[in-house]
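Chemist: sequence? don't have it. structure:
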């Protein structure tokens, strides 16, 4: 396959973003789990909880640093590889990124140092506050990043300015309270909480299987199972919310996820499994569940959901509309400040479809010269790759339900069976450690690949967003990142495993002494003594 | 939202030009000493214990410091989108070098002392050196190129094309500017090490600090003289509206004259280079006299003066184009929209004071020297 600059740039973005998101979900969730543990320590004064805090914080730190390191790439590669995108939508997209730095990233990064180095320099309560600030900072960070990403999915609160040849913000309020962004935020951070819970659960289960650090492991499972169960339910519910908002914001993405080629009478059935075929425009071997899609997508029995073929026809109309806007835009630009009101009105009436005219740039320099065939091809381009979306979505959802089941099981055993866990369940908990990462990466794949051929849905085509670089340049940085990231991944995994094998190593004597005394008191039935 | 109409577009642009300067100076003052310590690491600290002492002086703070850099990128994106689009894609491979170095650096800090192997630790020490030296050099090289103008042009669609290569960036003047940057940040790193360590590390850092401060003075003077005599400036032809649309192609720009004419038009800006020289000179005296705190302050003043002298000299130009001067990016034609600048200003007014307050608190909590004994006693938990 011949890779052109657009595909190379996409590959690089996908690679660096998905790599970055190996570390982010664990940061989001583990920061809160550590803060919960430290809060228990402050409230009960029991050394075991301090040991747990420090142990999980060590693993948090090893993970956090790579999240930070790979996040640097994310902040700068828009300008490097996507310079026309940066120019075209920077007026809106840049703001949440900058506010993320001001409000969130500064907070977490400034306090994370104290979290590790400040134990002896401040009171217990102050240190717990510092840990919470790191957790809050991390989570706020996700909020602003998802506001930025939400705008790419559903570009509200902005309009095109012909004088500056770019999109400009018209309402910050709309950008911030974009329904897509809000649903995505809660869905994404909850997914992070599930990831961290499954991680803590799995590592603790491994200790129980090896009969090591059992006190730490049992307590950690109690925290992870309850926090994780609540989060897993939230992921599923908010995932449904995301799907619902996509029915009126990103109809094509939803139809592709469903492999729904033809518009179906309401309420549409849900394709449980099947083999979407892009050439034949049908989903073969489909197993359908009646009514379900209509209910999820529209929350009604009577609203129709458009299929892919209908949406392509609609896109063709929007391309022709967009051409009117494009033509007016060229006139306005030539006249500078003196464009006639008729032209301006013509532009404004059709500017919502300007992006669709830009889809033609792939085939012809001046979209106004496009043939009917080219318009039809551009309309067809609005269909993303259906097969990978169809399956990525189903893997994500399937795993999501599996996490609810696993975490519910451990929650019940921890709450009502005196923390006795069958060995098969412990083994399963170890085996499923990588699963949340798979689910999270699938989720991003659905969100971003499903938005193609756009970088900003309906506004800016991906093919137009790239920088004017040579294949050699992008190839060089791509291989550089692959090499660097691969080495760092191996190093990180090595350290993670080393520190998991090593187990808790701080405050060991003190904690063990307290633990022995505590257990003796429990068996003697005398009241627990005040700590330290 | 109509609130933003109460503040002139022109004023907002000037404020955001100033804030961009504040962020870059904030980066140079905080992350600057991390870069300096990284560059000095193999030379001021010879044994493993000495290196751990040096690394742990920045251990708890580098993450926060680095955010100045991230935020600088974010603020350029949000407030000066054309600058972000043109410069980052233009300086493509140079940006990649900076990114690679800055990715290695945090990992080096965090992972270096997590294994005992000598090879492991030496490897990360050199990664930290690269992570300090390369960005320090490349940032200066970039500034040197900006002063000369950068070979880019814009199409009518405002799509940018860059005509140079990585090697073009490494021209003699740019390398001189790069060396100013390295000398200045090494001075700063040495001042930090003298303040935060004792014994041999502090002693060696003092020696390097004196030479770096002297080098800063000489190289900065050289760069200034060269700028005055050998480098063409850029200027608008005719008047330009200060509140017009952000479209760089709507103004006419000519190359010629000297950047130094800024000093006759706005003589007050001479305070910046004066501060640059005086600060470095005071730092030399501070190192010699053993006044650790004063040396650090002098070094900060010098960096503030040097960084701001670039911006003040070029105002209102931000990124001139050497091959299509009309496409040059200036304060008046490459900002975000009126509304976006206002929204960003409101968030900056809320959060920057908060950031400064809690950063100051963190430094206060961590006040005091890092000693070999500290590192040995907390060997498991420190870097």
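Modeler: Right, received. Where do you want to start? Here the structure is a predicted model, which means the values were calculated and not measured. Numbering: from 1, shown residues only, chains lettered A, B, ... in the order given.

Chemist: report the longest helix in chain B, please.
Modeler: For chain B, the longest helix by residue count, based on DSSP state H, is helix B:9-44.

Chemist: Spit out the contact partners of the closest residue to residue A:74 other than its chain neighbours.
Modeler: Distance criterion Cβ to Cβ, 6 or more residues apart in numbering or on different chains; nearest residue to residue A:74, sequence neighbours excluded, is residue A:20 at 5.6 Å. All C-beta spots, glycine's among them, are computed from the backbone N, C-alpha and C. The neighbours of residue A:20, taking Cβ atoms under 8 Å, 6 or more residues apart in numbering or on different chains as the test, are A:67, A:70-71, A:73-74.

Chemist: In helices, which of these fall?
Modeler: Using DSSP H, the contacts of residue A:20 in helices are A:67, A:70-71, A:73-74.

Chemist: In the chain, where is pLDDT below threshold?
Modeler: No chain was given, so I picked chain A. A:1-3, A:525-532 (pLDDT under 70).

Chemist: other chain: chain B
Modeler: B:1.

Chemist: Show me where it has its strands.
Modeler: For chain B, the strands defined by DSSP state E cover B:152-154, B:160-162, B:232-236, B:253-258, B:317-319, B:329-330.

Chemist: Now do the last one: which elements does it pack against?
Modeler: What that stands for is strand B:329-330. helix B:81-90, strand B:317-319 (3 or more Cβ pairs under 8 Å, 6 or more residues apart in numbering or on different chains; DSSP states H and E).

Chemist: Relative to residue B:240, which of these is closest?
Modeler: strand B:317-319 (11.5 Å; Cβ to Cβ).

Chemist: For residue B:157, grab phi and psi.
Modeler: phi -80, psi 0 (degrees, to the nearest 10).

Chemist: my bad, residue A:272
Modeler: Main-chain torsions, residue A:272, degrees, to the nearest 10: phi -70, psi -50.

Chemist: got a list of what it touches?
Modeler: Per Cβ under 8 Å, 6+ apart, neighbours of residue A:272: A:286-289.

Chemist: Buried ones among these?
Modeler: Neighbour counting by 16 or more other Cβ atoms under 10 Å in any protein chain shown classes A:286, A:288 among the contacts of residue A:272 as buried.

Chemist: Columns secondary structure and distance to chain B on top of the contacts of residue A:272, output as TSV?
Modeler: Below are the contacts of residue A:272 laid out as TSV (DSSP: H, G, I helix; E, B strand; the rest coil; distance: Cβ to the nearest Cβ, whole Å):
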residue	secondary structure	distance to chain B
A:286	strand	44
A:287	strand	46
A:288	strand	46
A:289	strand	45
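
Chemist: of the contacts of residue A:272, closest to residue A:361?
Modeler: residue A:286 (35.8 Å).

Chemist: who touches that closest one in this structure?
Modeler: Taking Cβ under 8 Å, 6+ apart as the test, what residue A:286 contacts is A:259, A:271-275.

Chemist: Can you get me a residue count around the spatially closest residue to residue A:382 that is not a sequence neighbour?
Modeler: Residue nearest to residue A:382 in three dimensions, not counting chain neighbours: residue A:315, with 4.4 Å by Cβ to Cβ, 6+ apart. Residue A:315: 24 surrounding residues under other Cβ atoms under 10 Å in any protein chain shown.
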